[in-house]
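*Asks:* I would like the atomic coordinates for the input below:
(one chain, ligands or ions: 1)
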Amino acid sequence: MHFQWYPGHMTKAKRMIQEDMKLVDVVIELVDARIPLSSKNPDMDEMAKNKSRVIVLNKCDLADAKYTESWKAYFEKRGYFVTLVNSKKVGGMKKVNDAVRQACREKIEKDRRRGILNRPLKAMVVGIPNVGKSTFINSIAGKAATKTGNKPGVTKGKQWIKINKNIDLLDTPGILWPKFEDQSVGLKLAFIGSIREELLNIYELSLELIRFLRANYKGSLSTRYNMEESDDPMETLCCIAQKRACRIKGGELDLNKAAAFVMDDFRNGRLGNITLEFPGISDAKEK
Ligand code: G4P
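*Replies:* Predicted coordinates for the structure are as follows:
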């Protein structure tokens with residue numbers, strides 16, 4: 001399978017992020033906890049240099065907890081402040097607040113020395129499509145959040161959300177683009193649903209996922225579909241089609257429908273907590 005990302009409005013997106021970057025103290029970068037590296041655009045390091053950085057490992061409710069911890073350590077070792085988040089769950093955003101304040105402690109200290117107390121930190125959220133930026137902003141903003149509106153002169157045309165007395169958040173996230181030359185990165189982005197479905201062959205994609213699961217999460221499919229897994233992904237998909245009564249007219253197995261089931265179940269966490277790439281290992285086991 002060959003994956004391609006169509007750059008589209010990439011240059012415009014980059015320009016907008018660079019403009020917004022001038023307005024903030026701290027960048028909150030969302031990545032998908034199941035593929036923290038593949039969902040992270042490496043250009044961000046250049047764009048956000050001189051800014052405080054927080055990485056949010058989002059969708060950690062879908063990822064494998066032991067690897068999420070290893071990823072946290074991996075990024076911390078590289079100087080980021082890291083926090084684990086399930087943006088769909090209410091609450092749990094205090095640790096984001098703490099991470100932001102920790103990341104900005106030098107600025108807070110500098111302010112304090114100048115006698116400036118309690119100046120809110122200005123933050124922006126960035127991430128590739130589908131990583132959960134809108135959900136995260138809604139969650140962190142909560143019901144109590146008030147839009148502070150334009151701040152004339154300084155932030156013309158920009159809307160800010162007052163998260164609490166410590167943080168003002170730019171209400172439009174920066175949309176990064178996934179970046180890959182390596183096809184295995186494209187494959188992982190496709191697994192989690194970050195590449196447009198019409199560009200994909202869902203049948204082939206599911207066979208790749210089944211192969212990955214057999215090698216790294218043996219038993220996840222047999223538990224879900226109550227059947228025997230096989231070393232042959234095609235055979236496994238046929239079993240799933242049978243179990244789920246996926247048939248086309250005439251009674252033949254409908255493998256595309258079964259493939260769609262597998263992908264949907266994986267993306268919604270119904271196959272268990274699964275991480276697709278592991279820190280320190282170039283890639284997951286191949287079978
Ligand atoms: P974006 O702005 O970065 O493009 O992402 P968005 O917030 O639209 O989220 C993309 C999908 O990911 C949504 O699912 C959203 O519910 C889901 N999501 C976001 N954060 C989390 C998280 O921490 N955990 C889990 N499990 N899911 C998360 P959707 O199916 O596209 O929409 P919906 O049916 O949930 O509304």
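
*Asks:* quick one: the closest residue in space to Ser206 that isn't next to it in sequence from the ligand, how far?
*Replies:* In this structure, Ser206 finds its nearest non-sequential neighbour in Ala259, 3.5 Å apart by C-beta to C-beta, 6 or more residues apart in numbering. In short, each C-beta sits where N, CA and C put it, glycine included. Relative to the ligand, Ala259 is positioned 18 Å away (C-beta to the nearest ligand atom, to the nearest Å).

*Asks:* swap in Lys110?
*Replies:* For Lys110 relative to the ligand (C-beta to the nearest ligand atom), the value is 32 Å.

*Asks:* Flag every buried residue along the strand or helix carrying that residue.
*Replies:* Assigned by DSSP states H and E, Lys110 falls within helix 105-113. By neighbour count, with 16 or more other C-beta atoms under 10 Å as the criterion, the buried positions of helix 105-113 are Ile108.

*Asks:* any idea which helix or strand comes after it?
*Replies:* Assignment by DSSP H and E places the next element after helix 105-113 at strand 121-127.

*Asks:* That following strand relative to helix 105-113, how many degrees between them?
*Replies:* Orientation check (axes from the mean of the first three to the mean of the last three C-alpha atoms, to 10 degrees): strand 121-127 against helix 105-113 gives 160 degrees.

*Asks:* now strand 121-127, how far from the chain's geometric center?
*Replies:* Put simply, strand 121-127 sits 15 Å off its chain's centre (C-alpha atoms, centre = their mean, to the nearest Å).

*Asks:* contact partners of it?
*Replies:* With contact meaning C-beta atoms under 8 Å, 6 or more residues apart in numbering, strand 121-127 is reached by 17, 20-21, 23-31, 39, 44, 48, 58, 100-101, 104, 107-108, 133, 136-137, 160, 163, 166-170, 173-176.

*Asks:* Give the pairing partners of that strand; include direction for each.
*Replies:* Strand 121-127 sits in its sheet next to strand 26-32 (parallel), strand 167-170 (parallel), strand 174-175 (parallel), going by DSSP bridges.

*Asks:* most tightly surrounded among these?
*Replies:* strand 26-32 (a mean of 25; mean count of other C-beta atoms under 10 Å).

*Asks:* circling back to that earlier point, mean pLDDT and distance to Arg267 added to the strands paired with strand 121-127, as a markdown table?
*Replies:* Below are the strands paired with strand 121-127 laid out as a markdown table (pLDDT from 0 to 100; distance: least, C-beta to C-beta, whole Å):
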| stretch | mean pLDDT | distance to Arg267 |
| --- | --- | --- |
| strand 26-32 | 97 | 11 |
| strand 167-170 | 94 | 27 |
| strand 174-175 | 88 | 20 |
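
*Asks:* so how far is the helix holding Lys110 from its chain's centroid?
*Replies:* Counting by C-alpha atoms, centre = their mean, helix 105-113 comes out at 31 Å from the chain centroid.

*Asks:* do stretch 14-27 as well
*Replies:* How far stretch 14-27 lies from its chain's middle: 20 Å, per C-alpha atoms, centre = their mean.

*Asks:* Output the below-cut-off pLDDT ranges for the stretch 51-200 of the chain.
*Replies:* Residues of the stretch 51-200 of the chain meeting the criterion pLDDT under 70: 143-157, 199.

*Asks:* Please report the distance of Glu19 from Met124.
*Replies:* The gap separating Glu19 from Met124 is 11 Å, by C-beta to C-beta, to the nearest Å.

*Asks:* quick one, which of those two is more surrounded?
*Replies:* Between Glu19 and Met124, counted using other C-beta atoms under 10 Å, the more crowded position is Met124 (25 against 11).

*Asks:* and the ligand, which of the contacts of strand 121-127 reach it?
*Replies:* Restricting those to those touching the ligand (C-beta under 6 Å from any ligand atom) yields 58, 133.

*Asks:* Give the bridge partners for the closest residue to Lys40 other than its chain neighbours, please.
*Replies:* Spatially, and ignoring its direct neighbours in sequence, Lys40 is nearest to Val31 (4.8 Å; C-beta to C-beta, 6+ apart). Partner residues in beta bridges with Val31, using DSSP bridges, are Leu57.

*Asks:* Run a quick check on Val31 versus Ser39, I expect a contact.
*Replies:* Yes. Proximity of Val31 to Ser39 meets the contact threshold set by C-beta atoms under 8 Å, at 4.6 Å.
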